[in-house]
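Peer 1: No letters, just coordinates:
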């Protein structure tokens, strides 16, 4: 295939906030034309499908100001500096939900917003404890933990109750791989 | 369920670039604590699974500077001001690929980045023409159209060749709904 790589001529930081950092890259296309690409810097995040020994799944209802809705999502959160994706996945599950991670299986890595964010999402299945300890969410995380069956999650995807792309992609990738014994 | 809605106390524009606009909202959580939410403003976009009469699918290889990779994606693009999601889907398919849209079926709506973007993605299946006209991409769109079978797309998802979350979610939602005759 033809090489579509864009040459970066320069890069400038244009915003640095509490959670978001924005850069603008001046680029040259393969055809020689120049343009700019504005994008969010991101350390990456983990998404965790937590399954209890009884076959029930742990999710969260989380209010998301950006879309002004409370969403049904799997547990997810940003990696800390220098943290492995596995350590981040286990930490996020324990902090957000209180459930302990017993073992992790990697599902894959996806990009949620390649048009304007460098974020990569590392997807995991986690075997978790049957009972939670007290969760320890960040001071401004605004969520409630919920427990659902696989059939209830399928219905949430099919009916449009679950609209979070990372949660849908992670769940359906897991379902496919389980069905095909790819994991 | 408990109401998790965050009260917006104020909102400020902090960056307005060529393609991205960033706002910061000062918010009050249900427990009375205050914080800020930084997020990308977005008009919404359409994602189109284009299927030719011969059962082959139209996708694009597109270089994405934010992740510094050429990605395999379904056709997608931002809605124009005042444009319906259907009109946007048909326009993007014709501009990016050159294929004509004969009919559209709505698959659903998802949010790719609810933590820091208000973007909503409207997912469609499109019955398209067998042969393309000349595409008319934006001057700085950097992509190559490709044609694949359903089996090749499944393999791309399972093997990690396709990592674009919106494309994976749209494709697997479509596969599920077709299998279950939900559409």
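Peer 2: Received the coordinates, thanks. Values in this document were obtained by computation on a predicted structure and should not be read as measured data.
Peer 1: Just give me the neighbour total for residue A:83.
Peer 2: Residue A:83: 15 surrounding residues under other C-beta atoms under 10 Å in any protein chain shown. Bear in mind the C-beta positions are built from the backbone N, C-alpha and C, glycine included.
Peer 1: now swap in residue A:12 and tell me
Peer 2: So residue A:12, with other C-beta under 10 Å, has 11 neighbours.
Peer 1: thought it was touching residue A:23?
Peer 2: Yes: applying C-beta atoms under 8 Å as the test, residue A:12 and residue A:23 come out as touching, 6.7 Å apart.
Peer 1: got any ranges where chain A has weak pLDDT?
Peer 2: Chain A contains residues with pLDDT under 70 at A:182-183.
Peer 1: tilt between the lengthiest helix in it and helix B:165-179?
Peer 2: What stands out as the longest helix in chain A, according to DSSP state H, is helix A:165-179. Helix A:165-179 and helix B:165-179 are oriented at 50 degrees to each other (axes from the mean of the first three to the mean of the last three C-alpha atoms, to 10 degrees).
Peer 1: Please give me every residue in contact with the nearest residue to residue A:150 once chain neighbours are set aside.
Peer 2: Of all residues not flanking residue A:150 in the chain, residue A:57 sits nearest, at 6.7 Å (C-beta to C-beta, 6 or more residues apart in numbering or on different chains). Taking C-beta atoms under 8 Å, 6 or more residues apart in numbering or on different chains, we find residue A:57 in contact with A:49, A:50, A:51, A:147, A:148, A:149, A:150, A:153.
Peer 1: Most neighbours of all those, which one?
Peer 2: Result: residue A:50 is most packed of the contacts of residue A:57 (other C-beta under 10 Å), 28 neighbours.
Peer 1: any idea which element the nearest residue to it once chain neighbours are set aside lies in?
Peer 2: With sequence-adjacent residues excluded and distances taken as C-beta to C-beta, 6+ apart, residue A:50 is closest to residue A:58, at 4.0 Å. Applying DSSP states H and E as the criterion places residue A:58 in strand A:57-64.
Peer 1: That strand: how far from the chain's middle?
Peer 2: Computed by C-alpha atoms, centre = their mean, to the nearest Å, the chain-centroid distance of strand A:57-64 equals 12 Å.
Peer 1: Could you do stretch A:52-62 as well?
Peer 2: 16 Å.
Peer 1: For that stretch, buried residues please.
Peer 2: A:52, A:57, A:58, A:59, A:60, A:61, A:62 (16 or more other C-beta atoms under 10 Å in any protein chain shown).
Peer 1: between the residues you listed, which is closest to chain B?
Peer 2: Closest to chain B out of those is residue A:61 (6.3 Å), distances taken as C-beta to the nearest C-beta.
Peer 1: Could you find the closest non-adjacent residue to that closest one?
Peer 2: Closest to residue A:61 by C-beta to C-beta, 6+ apart is residue A:144, at 4.8 Å.
Peer 1: Just to check, that neighbour is in contact with residue A:137?
Peer 2: No: in this structure residue A:144 lies outside contact range of residue A:137 using C-beta under 8 Å: 10.1 Å.
Peer 1: Show me the domain layout of chain A.
Peer 2: Residue ranges for the domains of chain A, per automatic domain parsing: A:7-41, A:45-179.
Peer 1: Pick the most deeply packed of these.
Peer 2: Burial of these is given as mean neighbour count (mean count of other C-beta atoms under 10 Å in any protein chain shown); domain A:45-179 ranks first at a mean of 19.
Peer 1: secondary structure class for the residue of chain A positioned farthest from its centre?
Peer 2: The centre of chain A is farthest from one residue, residue A:32, which by C-alpha atoms, centre = their mean lies 35.2 Å away. Secondary structure, DSSP: H, G, I helix; E, B strand; the rest coil: residue A:32 is coil.
Peer 1: Now for it: which residues touch it?
Peer 2: With C-beta under 8 Å, 6+ apart, residue A:32 has no contacts at all.
Peer 1: Please apply the same query to the one 3 residues further on.
Peer 2: Neighbouring residues of residue A:35 by C-beta under 8 Å, 6+ apart: A:26, A:27, A:29, B:139, B:140.
Peer 1: thinking the first one is in contact with residue A:9, fair?
Peer 2: What that stands for is residue A:26. Yes: in terms of C-beta under 8 Å, residue A:26 counts as a neighbour of residue A:9; the distance is 4.5 Å.
Peer 1: Spit out the residues that contact those two alike.
Peer 2: residue A:34.
Peer 1: Stretch A:166-175 vs chain B: in contact?
Peer 2: Yes: remark: stretch A:166-175 sits within contact range of chain B at A:166, A:168, A:169, A:172, A:173, by C-beta under 8 Å from any C-beta of the partner chain.
Peer 1: Pretty sure residue A:121 is one of the things the first one touches, is it not?
Peer 2: By that I understand residue A:166. Yes: using C-beta under 8 Å, residue A:166 makes contact with residue A:121 at a distance of 5.3 Å.
Peer 1: what sits in contact with each of these two?
Peer 2: A:47, A:76, A:110, A:112, B:165.
Peer 1: Please identify which of the residues you listed is nearest to residue B:69.
Peer 2: residue A:110 (12.1 Å; C-beta to C-beta).
Peer 1: Report the contact partners of residue A:28.
Peer 2: A:6, A:7, A:9, A:34.
Peer 1: I'd like the residues you listed as CSV, with distance to residue A:97 and secondary structure appended.
Peer 2: Below are the contacts of residue A:28 laid out as CSV (distance: C-beta to C-beta, whole Å; DSSP: H, G, I helix; E, B strand; the rest coil):
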residue, distance to residue A:97, secondary structure
A:6, 40, coil
A:7, 44, strand
A:9, 45, strand
A:34, 47, strand
